[in-house]
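A.B. asks: I'll drop the sequence and a predicted model, then ask my questions.
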Amino acid sequence: AVSNPKPMALSQTIPTSSGFSDLSLCFLTCYFVFEFVIVFSDLPAWNYVRCARTQSLHGPSPVTTFGPKACMLKNPKAVMHIQDPASQRLTWNKPPKSVLIIKKIRDTSLLQPFKELCIFLTQQKNMIVYMERKVIEDPAIANESFVSIKKNICTFREDYDDISNCVDFIICLGGDGTLLYASSLFQESVPPVMAFHLGSLGFLTPFNFDTFQSQVTQVIEGNAAIILRSRLEVKVVKEYRENGSVEEMSLVTNGNKTMQYQVLNEVVVDRGPSSYLSNVDLFLDGHLITTVQGDGVIVSTPTGSTAYAVAAGATMIHPNVPAIMITPICPHSLSFRPIVVPAGVELKIMLSRDARNTAWVSLDGRKRQEIAYGDSITITTSCFPVPSICFRDPVNDWFESLAQCLHWNVRKKQDHLSSEEEEF
C-alpha cells in the first residue's frame, strides 16, 4: 500500500503561467468538475454507471480456508488483494489428523507405493486415512501385509458419502487425472492437494515418490508453498420435457432442471456424433458476443489452458492469473481466435435457433450430456479454488512442467560465430 501524500491546492496543481494554454485549462477544469459530479452526485444514473463498471471488472475473491483445518498464510504486505505467487505458503490452524489418498484404479505399478504410503501415514504419523471403497476392495492389495492397517482406514463412496469436513489434506498417486478426480469430490472448499508423479504426463503432479517421507512430513508441519488453481462454477439448465430424463442429481426450478458442477480444467461444447457443424450462441454478461460455428468451443481455466485448449491453438496462462479462456475448436472462420476474458464475467452457451443438430457438453472429460433447444450452460469463476501444494514455488513448478512435459521452446541451439566469421 502507498500512503497518500499531502493534497495540494487546486491552484498548485494547475500552472497559470505559460505551461498551459487557455484551452488546456478549460479541459482540465471540466475534468475536475466531471469527477466532482460523479463522486458527490445523488443522481441514480451516475451511481449506477460506477457500480455497474466495478461489478463487471472484478472477479470473486477466493476463499483462503481449505477443508476443516488448512488455510493460506496471510501476507501483511499484499497489495490490492493479489498476493505474490512466491509468497503463497500453507499453514495449519490445527495439526492435520486425516488424509485422503486418491489412487489410480487398475494400475498394478502403484500397489507398492500405495502400501508404503499407507503404512507410513498410519503407523509413523498416526493419521486417519480415507480412500474409496473400490480401492480398498481391490484383490491385489488384500494380502497379509496390508490387512493389519485396514483398521485405520476409512472408506467412502463417490456421490453417496460427504467427506468434505473429514479430510485435512489430499495425496494423489497417479497422473493429472487423479488431481482432476480429487477436485470433483469437493464441490465447495477443497483441502490442500499433494500430487505425486506416478502417471504418464504429470503436468499437475510435481512430486517424485522417491523421497515421499520427507516431503509428506514437510506438508504435515506446514512448510510448503501452494498455488491456488481456480475452478469454473458450471450450471447446466435443461428445459422440462415430458419424455426426457436427467440421471444426475439436480435442482428443479420452474419446471427446469439445474445441475451444478465445479470444473478444474475446461468445459467443452461440441457437435457430438453429428456430421453437421456445431452452432451455439455465446453470451457474456447477458450480451450476445458471437455465434460459434465449427467443431465446438472450449471454456477453460488457466490450469486448463495447457490441456485441451493449447492443443486447439490457445495460449498458455499461468494458474495465478485470474481469467477465463474461450477457444474455438476448428472454427468455420479464420478470424475466430482464442480470447481471454476477466474472471468475474458470466458466460452463457445456448444452442442457436438455426442449428441443424443438438450439441454435447463434457466437464473435465466427464459428465457428458446432450444439450437441446432451450437448454443453457452458465459458466463463471468459482469461489472455491484447488490449493495445489508446490514442489518449489508456483512459478518454478509451472515452467518446469512446461519444459519437462510439453518441451516448450526446446530446439537445437545455433553454433556461435567465430571472430573470423563475424568479419564477413
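C.D. replies: Everything's here; your move. It should be emphasised that the depicted structure is a prediction, and the values quoted were computed from it without experimental measurement.

A.B. asks: residues near residue 411, how many?
C.D. replies: Residue 411 is flanked by 6 other residues according to other C-beta atoms under 10 Å. Quick note: C-beta positions are derived from backbone N, CA and C, even for glycine.

A.B. asks: Is it correct that it falls within a strand?
C.D. replies: No: per DSSP: H, G, I helix; E, B strand; the rest coil, residue 411 lies outside any strand segment and is coil.

A.B. asks: Quick check: the gap between it and residue 314.
C.D. replies: Distance, residue 411 to residue 314, by C-beta to C-beta, to the nearest Å: 21 Å.

A.B. asks: hmm, which helix or strand of this protein has the shakiest average pLDDT?
C.D. replies: None of the helices or strands of the chain scores lower by mean pLDDT, DSSP states H and E than helix 44-57, at a mean of 36.

A.B. asks: after that helix, next one along is what?
C.D. replies: Downstream of helix 44-57, the first helix or strand assigned by DSSP states H and E is strand 65-66.

A.B. asks: Report all helices and strands that that next one contacts.
C.D. replies: In terms of contacts (3 or more C-beta pairs under 8 Å, 6 or more residues apart in numbering; DSSP states H and E), strand 65-66 is packed against strand 70-72.

A.B. asks: Just the residues contacting the strand it packs on, thanks.
C.D. replies: Strand 70-72 is contacted from outside by 64-66, 88-93, 96, 168-169, 191-192, 226, 228, 387, using C-beta atoms under 8 Å, 6 or more residues apart in numbering.

A.B. asks: Which is the succeeding secondary structure element to it?
C.D. replies: Strand 70-72 is succeeded, C-terminally, by strand 90-92 (DSSP H and E).

A.B. asks: which helices and strands sit right next to that next one?
C.D. replies: Other elements packing on strand 90-92 under the criterion 3+ C-beta pairs under 8 Å, 6+ apart are strand 70-72.

A.B. asks: strand partners of the strand with the most length in the chain, parallel vs antiparallel please.
C.D. replies: As assigned by DSSP state E, the longest strand anywhere in the chain is strand 287-300. Strand pairing for strand 287-300, determined by DSSP bridges: strand 266-270 (antiparallel), strand 278-284 (antiparallel), strand 323-331 (antiparallel).

A.B. asks: and it, C-alpha only, in CSV?
C.D. replies: Extracted C-alpha coordinates of strand 287-300, given in CSV (Å, rounded to 0.1, in the frame of the first residue of the first chain):
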residue,chain,number,x,y,z
HIS,A,287,-24.9,-9.9,-24.2
LEU,A,288,-24.5,-12.0,-27.3
ILE,A,289,-20.9,-11.7,-28.4
THR,A,290,-20.7,-14.3,-31.1
THR,A,291,-22.1,-17.5,-32.6
VAL,A,292,-19.7,-20.4,-32.6
GLN,A,293,-19.8,-22.4,-35.8
GLY,A,294,-17.3,-25.3,-36.1
ASP,A,295,-16.5,-28.4,-34.1
GLY,A,296,-17.2,-26.7,-30.8
VAL,A,297,-15.8,-24.4,-28.2
ILE,A,298,-13.6,-24.8,-25.1
VAL,A,299,-14.1,-22.6,-22.0
SER,A,300,-11.1,-23.3,-19.7
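
A.B. asks: hmm, who's touching it?
C.D. replies: Against strand 287-300 from outside (C-beta under 8 Å, 6+ apart): 232, 265-271, 277-283, 304, 307-309, 312, 314, 324-333, 336, 347, 349, 352, 359, 379.

A.B. asks: Out of those residues, which end up buried?
C.D. replies: 232, 265-271, 277-283, 304, 307-309, 312, 314, 324-329, 331, 336, 347, 349, 352, 359, 379 (16 or more other C-beta atoms under 10 Å).

A.B. asks: now the chain, which segments are flagged as low pLDDT?
C.D. replies: For the chain, residues meeting the criterion pLDDT under 70 lie at 1-60, 76-83, 142-145, 148, 241-255, 421-424.

A.B. asks: Break it into its domains for me.
C.D. replies: The chain resolves into domains spanning 10-57, 70-229, 232-242+250-381 when parsed by automatic domain parsing.

A.B. asks: Could you tell me the end-to-end distance of the last one?
C.D. replies: Start-to-end span of domain 232-242+250-381 (C-alpha to C-alpha, to the nearest Å) is 5 Å.

A.B. asks: One more: the second one?
C.D. replies: By C-alpha to C-alpha, the extent of domain 70-229 from end to end equals 16 Å.

A.B. asks: can you pull the contacts of the spatially closest residue to residue 186 that is not a sequence neighbour?
C.D. replies: Residue nearest to residue 186 in three dimensions, not counting chain neighbours: residue 164, with 5.7 Å by C-beta to C-beta, 6 or more residues apart in numbering. Applying C-beta under 8 Å, 6+ apart to residue 164 gives the contacts 67, 186, 187, 188, 189.
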